[in-house]
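Q: Need a 3D model of the sequence below.
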Amino acid sequence: MSIANNFPKGEIKELKELLAVSQRIVVTCHVRPDGDAIGSSMAWYHMLQGMGKDVSVVIPDRAPRSLMFLPGSRDMVVFTQHDLWSRRLLRDAELVLMCDFNTSSRQGNLGDIVSECNARKVLIDHHKHPDINCDVVFSYPEMSSASELSFRLMAALGLYLDMNLDCATCLLTGMVTDTQNFTVNCDNHETYEIMLRLLEKGVDKSRIIREAVKSTTYSALKLNSYAIGEKLEIFERHKAAVITLDAGELKRFGYEKGDTEGLVNEPLRIRGIVYSAFLREDADCVKVSMRSVDGFPVDKICRDHFGGGGHLMAAGGEFYGSIKDAYDILLNHMGDYDKYLPKNISKQD
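A: I've put the predicted structure just below:
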């Protein structure tokens, strides 16, 4: 399988040996987990269970309800709800697989516990500049998702034939959500070959789209309609769009985790908009999400001002201050990034 031959043989051999000698394994991902974080983590859960391993998935906080259709999702251990159990699982683990994050801070309070546990550690990630002390690091920012990377690793380990429907469903969910249904970050034709291999396993792609992408609740629909209708601002000079939602607005619409998933992408549908920013006031910080088109580097804005980063055209960060201060910082520095705007921009509608 050609899509499995992109890794150094020594690293694949080491991963295979670690899996062979480890019985108690924990899989974990980043805080505020999205479809790729949960998809890649749960895929390893199903694969390792099939290998007879004692495997647990420990996530920093609750997954969005839109992902709870995934097989095995009820088995995930949520650190914010089961602190002692999470600590015990990590204390007893022989191996930890770390999916879809590049630095321990992306795990919130769980990060220190994972870092300090005595287990061997393997990083499986597709973000730039990994900064985690691990025994084996698979860092491939050119890949569409951690789920694509996980598929390739499983294939390289000779496990494709052992991949069951549950594992394949989780992998395709991660790929679909991180590529916005194969519209971004998927220029490599092999990404589509992987999708076909997963469909061959019997995965219901239509259900994934319906559950993870399109399904919503009445309150979430009202919140997103309000955000677009009342809070969307256009900055024509900078070809930018900004949406802000403060804590009071979120409370008014009964916000739950995952209700604003994908909202940051909506302004990019406006002809002439190059990048979009969404600022949401969470309990402990302002969550910043940014998306762009035409190679505009939103990762640089997030890294420069919001302690974050990510991919060139899909990035995020966190701001520890008021939402007004975060908004002012973004607006005050927009002009600094005008030089990155593409030369030929469609006339704004």
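Q: I figured residue 89 was touching residue 55, is that so?
A: No. In this structure residue 89 lies outside contact range of residue 55 using Cβ atoms under 8 Å: 9.9 Å. C-beta here means a position set from N, CA and C on the backbone, and glycine is covered the same way.
Q: Can you work out which residues contact both of the two?
A: Common neighbours of residue 89 and residue 55, using Cβ atoms under 8 Å, 6 or more residues apart in numbering, are residue 26.
Q: What sits closest to residue 129 if chain neighbours are left out?
A: residue 102 (6.4 Å; Cβ to Cβ, 6 or more residues apart in numbering).
Q: In the protein, what residue spans correspond to helices?
A: Assigned by DSSP state H, the chain shows helices spanning 9-21, 35-50, 83-92, 110-116, 146-156, 165-178, 189-200, 205-208, 218-226, 247-252, 298-305, 323-333.
Q: Same list (those helices) but as a markdown table, adding mean neighbour count and mean pLDDT.
A: Shown next, in a markdown table, are these (neighbours: other Cβ atoms under 10 Å; pLDDT from 0 to 100):
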| stretch | mean neighbour count | mean pLDDT |
| --- | --- | --- |
| helix 9-21 | 14 | 96 |
| helix 35-50 | 27 | 98 |
| helix 83-92 | 16 | 98 |
| helix 110-116 | 18 | 96 |
| helix 146-156 | 26 | 97 |
| helix 165-178 | 27 | 97 |
| helix 189-200 | 16 | 96 |
| helix 205-208 | 15 | 97 |
| helix 218-226 | 16 | 97 |
| helix 247-252 | 13 | 97 |
| helix 298-305 | 21 | 96 |
| helix 323-333 | 16 | 98 |
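Q: okay, these in TSV with distance to residue 234 next?
A: Listed next are the helices of the chain as TSV, based on distance: least, Cβ to Cβ, whole Å:
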stretch	distance to residue 234
helix 9-21	47
helix 35-50	28
helix 83-92	43
helix 110-116	37
helix 146-156	33
helix 165-178	27
helix 189-200	33
helix 205-208	32
helix 218-226	17
helix 247-252	19
helix 298-305	17
helix 323-333	12
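Q: residues touching residue 85, list them.
A: The contact partners of residue 85, by Cβ under 8 Å, 6+ apart, come to residue 77.
Q: Flag the shaky bits of the stretch 201-349 of the chain, pLDDT-wise.
A: Where the stretch 201-349 of the chain drops to pLDDT under 70, the residues are 346-349.
Q: what about the strands in it?
A: 233-235, 240-245, 275-281, 286-292, 309-311, 314-319 (DSSP state E, counting those that start in this stretch).
Q: Minimum distance to residue 190: which of the ones you listed has it?
A: Closest approach to residue 190 among those (Cβ to Cβ): strand 309-311, 18.0 Å.
Q: Give the other helices and strands that the closest one contacts.
A: Contacts defined by 3 or more Cβ pairs under 8 Å, 6 or more residues apart in numbering; DSSP states H and E place strand 309-311 against helix 298-305, strand 314-319.
Q: Which among these is found nearest to residue 266?
A: strand 314-319 (14.2 Å).
Q: ok, back up a step: closest one to residue 177 among the strands of the stretch 201-349 of the chain?
A: Closest of the strands of the stretch 201-349 of the chain to residue 177 is strand 314-319, at 11.5 Å (criterion: Cβ to Cβ).
Q: contacts for that closest one?
A: With contacts defined as Cβ under 8 Å, 6+ apart, strand 314-319 is touched by 184-185, 279, 285-292, 298-299, 301-303, 305-310, 325-326, 329.
Q: now swap in stretch 333-344 and tell me
A: Taking contacts as Cβ under 8 Å, 6+ apart, the residues outside stretch 333-344 that touch it are 235, 237-240, 274, 294-297, 300-301, 304-305.
Q: filter these to the buried ones?
A: Using 16 or more other Cβ atoms under 10 Å as the burial test, the contacts of stretch 333-344 include 235, 238-240, 274, 296-297, 300-301, 304-305 as buried.
Q: and which of these is nearest to residue 3?
A: The closest of those to residue 3 turns out to be residue 297 (Cβ to Cβ; 28.4 Å).
Q: The closest one against residue 312, yeah?
A: Yes. In this structure, residue 297 is within contact of residue 312 by Cβ under 8 Å, at 5.5 Å.
Q: if we can go back for a sec, which residues lie in contact with the residue nearest to residue 129 in this structure?
A: Contacts for residue 102 were tallied using Cβ under 8 Å, 6+ apart; they are 123, 125, 127-132, 139.
Q: From the residues you listed, list just the buried residues.
A: Buried among the contacts of residue 102 by 16+ other Cβ under 10 Å: 123, 125, 127, 130, 132, 139.
Q: want to try a markdown table for the strands of the stretch 201-349 of the chain, with distance to residue 180 as columns?
A: Output for the strands of the stretch 201-349 of the chain, formatted as a markdown table (distance: least, Cβ to Cβ, whole Å):
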| stretch | distance to residue 180 |
| --- | --- |
| strand 233-235 | 21 |
| strand 240-245 | 17 |
| strand 275-281 | 13 |
| strand 286-292 | 9 |
| strand 309-311 | 12 |
| strand 314-319 | 9 |
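Q: Let me know which of those strands is the nearest to residue 149.
A: Closest to residue 149 of the strands of the stretch 201-349 of the chain, according to Cβ to Cβ: strand 309-311, at 13.5 Å.
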